[in-house]
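Asks: Give the three-dimensional model of this entry:
(one chain, ligands or ions: 2)
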Amino acid sequence: MSTMSNKDNEKIPADLVILNAHELVTMDRKFGAPRIGKKMEELAIINDGAVAVKDGKITFVGSTKDLLEKVQITSSTTKIDASDKLVTPGFIDSHVHLIFAGSRENELAMKLAGKTYLEILDAGGGILKTVRETRKASIDDLVFNGKIILDKMLRHGTTTVEAKSGYGLSTKDEIKSLEAAKTLNDTHPIDVVSTFLGAHAIPPEFKGKTDEYVDLVISDMIPKISEKGLAEFCDVFCEKGIFSIEQTRRILLAAENHGLEKIIHIDEIVDTNGAALAAELKAVQTGHLLQSNDSGLQLMAKAGVIATLLPGTPFCLMLKDYAPARKMIEYGIPIAIATDLNPNCWTESMLMVIVLSCYNMKMSPAEALTAATINAACAIQRENEVGSIEVGKKADIVIFDVPNYYFLSYQFGINLVSKVVKNGKIVIENS
Ligand code: NIG
Ligand code: FE
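Replies: Ligands and ions are numbered 1, 2, ... in the order given. I've put the predicted structure just below:
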């Protein structure tokens, strides 16, 4: 005879529960996905919150009292006590240059001596130094390096990343880079969403022949990468002296024809009217926007293009200008924030990015957290799977050793993560 009563049978199943969260930030999509303007402040918080998970998916979100009534907890259910703790959706790092070899720690001295980013690149350093090292690396080397980065990201609460190629700059080396990203997605707990960034710099063998390189990207790289299913997005570094507005448009229209979604690095150093182009092409997201003009920003707001702000980059380049986040929020542009991790700006920590967003772009702690979760999910078109704690979504959840979300923007330079749950399993236990 079964020992289970009918009542137990009606209960919601769970193999993991989180109980007693002092503050459970759900980021429920009822306030929008992406959240725009004042809605960026709406975190959909539950105090004394609880979450139940079964087979990697969220089955219940509510108060601890309700969970204890409605969810079936057995001796085999994993229980996490989140008393005095903050619980949030896993961070989504929506702009990451994940695949590369080597490092560029030597460039700090050049920057301190007053050399600019483009001067270092012109002298064969910067991206081009990383290209030389990435071309020499095997796919196994690139997977090895990427895994080290992803491991650190996971420890800092990131559960999904966008991963760009862009240091191969030949068909063979771009494919190698994207194959490394695919292997990382298949083998690492973090979900990796791939972006082809063949138009990241002009490779040395095409110096002075940018249009010919653009032709190669369009006629050879994009068709092969799309055919192999190696990327979902295509990105271009649209910048004065790198790829022009016209070249960027050509590349992204070709990408669209091959089923790739559009991302653009725009107006990082010089305003080339990248924001207007992003609106015209209906890009999903754009990165940087330090110099974008007002009319371009207004067009982006109208077109619903997400601005992924990357405050780690002006920080590492020691620039005085940061992206005008307040103005963008006022215009109604959906804002995400991301690390931009690359050999010039190397941080795995979305917590660091949250801090920089508040202190240097004057975003509120709530806006920064929205930009790091649900809005970042939208920036990689994953808002129906991740970015909020809602029934049916992936159980990608972070438990922090702090009582409320303000602390994420307050205590800086240390890892505040206590535990990370990825696909319903505890994958990180820092405390
Ligand atoms: O987004 N600006 C272009 N690309 C990267 C940097 C790449 C590098 O310096 O290696 C960025 O900041
Ligand atoms: Fe970037």
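
Asks: The stretch 101-250 of the chain against ligand 1: which residues are in contact?
Replies: For the stretch 101-250 of the chain, the residues in contact with ligand 1 (CB under 6 Å from any ligand atom) are 126-127, 130, 237. The C-beta positions use only the backbone N, C-alpha and C, and glycine is treated the same way.

Asks: switch the cut-off to 8 Å
Replies: Contact residues (CB under 8 Å from any ligand atom) of the stretch 101-250 of the chain with ligand 1: 104, 117, 121, 126-127, 130, 166-167, 200-201, 237, 239, 242.

Asks: got it, and the stretch 251-400 of the chain?
Replies: Residues of the stretch 251-400 of the chain that fall close to ligand 1, judged by CB under 8 Å from any ligand atom: 265, 268, 287-288, 310, 313, 340, 342-345.

Asks: picking up where we left off before, tabulate the residues of the stretch 101-250 of the chain next to ligand 1 (a markdown table), appending neighbour count.
Replies: Converted to a markdown table, those look like this (neighbours: other CB atoms under 10 Å):
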| residue | neighbour count |
| --- | --- |
| Arg104 | 19 |
| Tyr117 | 21 |
| Leu121 | 18 |
| Gly126 | 22 |
| Ile127 | 25 |
| Thr130 | 23 |
| Gly166 | 27 |
| Tyr167 | 29 |
| His200 | 25 |
| Ala201 | 22 |
| Phe237 | 20 |
| Glu239 | 22 |
| Ile242 | 23 |
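
Asks: So which of those residues are in helices?
Replies: Among those, DSSP state H puts 117, 121, 127, 130 in helices.

Asks: Sort out which one of those lies nearest ligand 1 for me.
Replies: Nearest to ligand 1 out of these is Ile127 (CB to the nearest ligand atom; 4.4 Å).

Asks: how close does the closest residue to Lys393 other than its chain neighbours sit to ligand 1?
Replies: Spatial nearest neighbour of Lys393, chain neighbours left out: Ile58 (5.3 Å); criterion: CB to CB, 6 or more residues apart in numbering. Using CB to the nearest ligand atom, to the nearest Å, we find Ile58 at a distance of 33 Å from ligand 1.

Asks: Figure out the helix or strand that Ile58 lives in.
Replies: Using DSSP states H and E, Ile58 sits in strand 57-63.

Asks: pLDDT value on the residue of the stretch 151-300 of the chain found nearest ligand 1, please?
Replies: Nearest residue of the stretch 151-300 of the chain to ligand 1: Phe237, at 4.7 Å (CB to the nearest ligand atom). Phe237 carries a pLDDT value of 98.

Asks: So it is in contact with Gly198, correct?
Replies: No: the criterion here is CB atoms under 8 Å, and Phe237 misses it with Gly198 at 10.2 Å.

Asks: list the residues that contact both of the two?
Replies: Shared contacts of Phe237 and Gly198, defined by CB atoms under 8 Å, 6 or more residues apart in numbering, are found at Gly166.

Asks: hmm, back to that, export the residues of the stretch 251-400 of the chain next to ligand 1 as JSON lines, with columns for secondary structure and distance to Pro223.
Replies: Supplementary listing: these in JSON lines, determined by DSSP: H, G, I helix; E, B strand; the rest coil; distance: CB to CB, whole Å:
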{"residue": "His265", "secondary structure": "strand", "distance to Pro223": "23"}
{"residue": "Glu268", "secondary structure": "coil", "distance to Pro223": "28"}
{"residue": "Gly287", "secondary structure": "strand", "distance to Pro223": "25"}
{"residue": "His288", "secondary structure": "strand", "distance to Pro223": "28"}
{"residue": "Leu310", "secondary structure": "coil", "distance to Pro223": "30"}
{"residue": "Thr313", "secondary structure": "helix", "distance to Pro223": "31"}
{"residue": "Asp340", "secondary structure": "coil", "distance to Pro223": "28"}
{"residue": "Asn342", "secondary structure": "strand", "distance to Pro223": "27"}
{"residue": "Pro343", "secondary structure": "coil", "distance to Pro223": "29"}
{"residue": "Asn344", "secondary structure": "coil", "distance to Pro223": "30"}
{"residue": "Cys345", "secondary structure": "strand", "distance to Pro223": "32"}
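
Asks: Most neighbours of all the residues you listed, which one?
Replies: When neighbours are counted by other CB atoms under 10 Å, Leu310 leads those with 30 neighbours.

Asks: Now do the one residue in the stretch 301-431 of the chain that gets nearest to ligand 1 against Glu232, distance only.
Replies: Closest residue of the stretch 301-431 of the chain to ligand 1, CB to the nearest ligand atom: Asn344 (3.5 Å). Asn344 sits at a distance of 25 Å from Glu232 (criterion: CB to CB, to the nearest Å).

Asks: Lys38 in helix, strand or coil?
Replies: Following DSSP: H, G, I helix; E, B strand; the rest coil, Lys38 is assigned to helix.

Asks: can you count the residues close to it?
Replies: Around Lys38 there are 12 other residues, counting by other CB under 10 Å.

Asks: One more: Lys228?
Replies: Around Lys228 there are 12 residues (other CB under 10 Å).

Asks: In terms of pLDDT, where does the closest residue to it other than its chain neighbours sit?
Replies: Spatial nearest neighbour of Lys228, chain neighbours left out: Ile175 (7.1 Å); criterion: CB to CB, 6+ apart. Predicted confidence (pLDDT) for Ile175: 99.

Asks: Was I right to think Ile175 contacts Lys224?
Replies: Yes: contact criterion CB under 8 Å: Ile175 and Lys224 qualify, at 6.7 Å.

Asks: surely Glu383 meets Ala33?
Replies: Yes: assessed by CB under 8 Å, Glu383 is found in contact with Ala33 at 4.4 Å.

Asks: related to what we said a few turns ago, beta partners for the residue of the stretch 151-300 of the chain closest to ligand 1?
Replies: Beta-bridge pairing of Phe237 under DSSP bridges involves His265.

Asks: For it, give me its contacts.
Replies: So Phe237 contacts 166, 197, 199-201, 243, 265 (CB under 8 Å, 6+ apart).

Asks: same thing but at 7 Å, please
Replies: Residues near Phe237 by CB atoms under 7 Å, 6 or more residues apart in numbering: 199-201, 243, 265.

Asks: that older thread, in CSV: the ones in helices among the residues of the stretch 101-250 of the chain next to ligand 1, plus distance to Met352.
Replies: Shown next, in CSV, are those (distance: CB to CB, whole Å):
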residue, distance to Met352
Tyr117, 20
Leu121, 25
Ile127, 22
Thr130, 21
